[in-house]
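K.L.:
Give me the fold of what follows.
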Amino acid sequence: MIGTMDTRPRRLGLAEAGGDRLDRAVPVETPVAIEYNGLGYAVMMATPENLEDYARGFTLSEGLVESVTEIEAIDAHELPGGWILRITLPHDNMEPVIARARTRVSESSCGLCGMDNIAEVLRPLPPVSAQLTVTREAIAAALDGLSAHQPMGRETGAMHAAAFCASDGTILAAAEDVGRHNALDKLIGAMARLGLNAGEGFMLLSARCSFELVEKTVRAGCPLLVTISAPTSLAVERAAQSGLALVALARRDSALIFGDPHGILALEGDA
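P.N.:
Coordinates of the predicted model:
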């Protein structure tokens with residue numbers, strides 16, 4: 001499996017002596033350079049598995065295309081020390097890429113671009129318009145089913161997972177990566193490849209809910225995000241601003257609802 005590497009660590013006994021050698025897989029983490037039409041855009045630390053889905057999802061999440069049909073070509077190449085994703089876009093889509101390259105040069109020389117960059121980070125999100133109904137049973141079913149879609153996670157204990165679930169909790173697509181943002185980008189790319197409509201289900205993530213994950217979910221057009229770990233303050237605020245329903249600290253026995261502005265969650269029996 002390209003996403004894992006076999007190792008032979010020695011066990012350190014803490015309660016009692018022990019020094020046996022163990023067979024243990026660890027996740028592969030490597031630099032992945034992303035180019036658009038030959039222009040460097042970003043270098044991400046990622047697991048080099050399903051990189052074409054990653055390219056699709058990353059490009060959608062960055063807002064460089066409205067649809068994956070606009071992506072003209074994706075080429076993934078292994079290089080000494082990492083990988084490179086060469087993505088070809090129509091010339092009309094390249095203005096944000098060129099602007100980002102100029103910003104990087106400006107930041108390194110003048111140091112006066114902080115306010116512009118903060119404003120860019122906090123730019124308004126599109127409002128969530130998709131509507132569906134999700135029950136507590138559906139969320140519980142998705143949580144129960146997630147481990148079956150985490151082969152690298154089971155092997156290494158160090159992978160993030162992202163899953164797209166139907167409104168009844170059935171997992172329709174899933175992705176793993178050493179980075180939580182990468183896992184979600186891979187999932188979004190896989191959904192585009194499979195023709196899955198993000199507005200007809202919800203996202204389930206094994207990670208802490210940072211604002212970037214909220215934004216990627218909103219931009220994908222999904223109305224509900226469920227995460228196993230807690231959200232940050234900015235994640236809660238950005239979800240509220242966009243109308244995204246947010247459920248976090250989701251466990252088999254309970255979860256916390258941080259927002260449900262459109263009444264997506266059907267919770268019979270709750271006050």
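K.L.:
From here on, just use CA atoms for contacts and neighbour counts.
P.N.:
Fine.
K.L.:
Okay, and D75 sits in which element?
P.N.:
strand 73-79 (DSSP states H and E).
K.L.:
Show me which residues of the helix or strand just after that strand are buried.
P.N.:
Using DSSP H and E, the helix or strand that follows strand 73-79 in sequence is strand 82-88. Within strand 82-88, the residues scored as buried using 16 or more other Cα atoms under 10 Å are 83-88.
K.L.:
repeat for stretch 39-55
P.N.:
For stretch 39-55, by 16+ other Cα under 10 Å, it's 40-41, 45-55.
K.L.:
Leaving aside the residues adjacent along the chain, what's closest to the residue most central in space within the chain?
P.N.:
Residue closest to the mean C-alpha point of the chain, counted by Cα atoms, centre = their mean, is L184 at 1.9 Å. The shortest distance from L184 to any non-neighbouring residue, by Cα to Cα, 6 or more residues apart in numbering, is to A162 (5.4 Å).
K.L.:
Neighbours of the one you found, how many?
P.N.:
Residues near A162, counting by other Cα atoms under 10 Å, number 29.
K.L.:
Could you do the one 5 residues further on as well?
P.N.:
Applying the criterion other Cα under 10 Å, we find 19 residues in the vicinity of S167.
K.L.:
Nearest spatial neighbour of it, chain-adjacent residues omitted?
P.N.:
Closest to S167 by Cα to Cα, 6+ apart is G201, at 4.9 Å.
K.L.:
Identify the bridge partners of the one you found.
P.N.:
Beta bridges link G201 to A166, judged by DSSP bridges.
K.L.:
I34 now?
P.N.:
Here I34, judged by DSSP bridges, has bridge partners A42, L85.
K.L.:
and what of A162?
P.N.:
According to DSSP bridges, beta-bridge pairing links A162 with A175, L205.
K.L.:
circling back: may I see the buried residues of the one helix or strand the residue nearest to the centre of the chain maps to?
P.N.:
Take DSSP H and E as the rule and L184 turns out to sit in helix 180-194. By neighbour count with 16+ other Cα under 10 Å, helix 180-194 contains the buried residues 180-192.
K.L.:
what's the answer for stretch 251-259, then?
P.N.:
Quick answer for stretch 251-259 (16+ other Cα under 10 Å): 255, 258-259.
K.L.:
and the end-to-end length of that stretch?
P.N.:
End-to-end span of stretch 251-259 (Cα to Cα, to the nearest Å): 17 Å.
K.L.:
just how off-centre is that stretch within its chain?
P.N.:
20 Å (Cα atoms, centre = their mean, to the nearest Å).
K.L.:
For E155, list the residues it contacts.
P.N.:
24-26 (Cα atoms under 8 Å, 6 or more residues apart in numbering).
K.L.:
hmm, 10 Å instead?
P.N.:
By Cα atoms under 10 Å, 6 or more residues apart in numbering, E155 lies in contact with 4, 6, 24-27.
K.L.:
can you pick the most crowded of the residues you listed?
P.N.:
Highest neighbour count within these, by other Cα under 10 Å: P27, with 22 neighbours.
K.L.:
Got the phi and psi for that one?
P.N.:
When read as degrees, to the nearest 10, the backbone of P27 gives phi -70, psi 140.
K.L.:
What residues are recorded as beta-bridge partners of it?
P.N.:
Going by DSSP bridges, P27 forms beta bridges with T4.
K.L.:
distance of it from E212?
P.N.:
Taken as Cα to Cα, the span from P27 to E212 is 23 Å.
K.L.:
Then G82?
P.N.:
24 Å.
K.L.:
can you check H77 too?
P.N.:
27 Å.
K.L.:
Can you tell me what sits against stretch 5-20?
P.N.:
By Cα under 10 Å, 6+ apart, the residues outside stretch 5-20 that reach it are 21-29, 155-156.
K.L.:
what separates that stretch from the chain centre, distance-wise?
P.N.:
Averaging C-alpha positions (Cα atoms, centre = their mean) puts stretch 5-20 33 Å from its chain's average.
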